[in-house]
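1. From the sequence below, what's the structure:
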Amino acid sequence: MRERYKNALMWALYAALVLFVLVVQTVSFGRPRFFGVKLCFVPVLVACVSMHVGSEAGGVFGMACGLLWALSGADGGALHIVLLAGCGAVCGYLCDRYLVRNLVSALLMSLLALTFCQTVLFLFQCYLGTIHIGTIYTLPIQ
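-> The predicted structure is shown next:
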């Protein structure tokens, strides 16, 4: 019973963390641009949580975060559901199999998640015509 309580508490705290990160990202960092780009914290959060809980739970957590982010009106829409679920599963798998869970692994997984999500989202928006391919110089800054 104690283990079940700890597990429920952990997921409730992760849910509160997701809401906190979405509010901070939207309210505090929604308008200002740093070096021409907006800050994006959700893929970093998904990578760090999935690094802690593993690949299956990380994929489900990423899908839930992507769903919540898409329903809150994110720029990429429902594409975030697939992207964050994939990032959660891959980051969790890499940390389960190959990496030791420490700060360097967290930075590496965060960089991987941000690079993957922002690159696919940028290419999708170029395909739709909402942004121009000439602004690709902002991708490494992000």
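2. Give the other helices and strands that the helix or strand hosting Glu56 contacts.
-> In this assignment (DSSP states H and E), Glu56 forms part of helix 55-71. Here helix 55-71 touches helix 2-23, helix 42-53, helix 79-97, going by 3 or more CB pairs under 8 Å, 6 or more residues apart in numbering; DSSP states H and E. To be clear about C-beta, it is placed using only N, CA and C from the backbone, and glycine gets the same treatment.
3. what's in contact with the first one?
-> Think helix 2-23. With contacts defined as CB atoms under 8 Å, 6 or more residues apart in numbering, helix 2-23 is touched by Phe41, Val42, Leu45, Val49, Phe61, Ala64, Cys65, Leu68, Trp69, Ser72.
4. okay, the residues you listed in a markdown table with distance to Ser105 next?
-> Shown next, in a markdown table, are these (distance: CB to CB, whole Å):
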| residue | distance to Ser105 |
| --- | --- |
| Phe41 | 18 |
| Val42 | 19 |
| Leu45 | 15 |
| Val49 | 13 |
| Phe61 | 17 |
| Ala64 | 23 |
| Cys65 | 20 |
| Leu68 | 25 |
| Trp69 | 24 |
| Ser72 | 29 |
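5. now for those, which pair is the farthest apart?
-> Spanning the widest gap among those are Val49 and Ser72, at 18.0 Å by CB to CB.
6. higher neighbour count, the two?
-> Per other CB atoms under 10 Å, whichever of Val49 and Ser72 has more neighbours is Val49, with 22 against 13.
7. Could you say which helix or strand holds the residue nearest to His132 when sequence neighbours are not counted?
-> Nearest residue to His132 in three dimensions, chain neighbours excluded: Cys126, at 7.4 Å (CB to CB, 6 or more residues apart in numbering). Using DSSP H and E, Cys126 sits in helix 103-128.
8. Looking at the helices and strands packed on helix 55-71, which is nearest to Gly134?
-> Comparison of those against Gly134 by CB to CB identifies helix 79-97 as nearest, at 21.8 Å.
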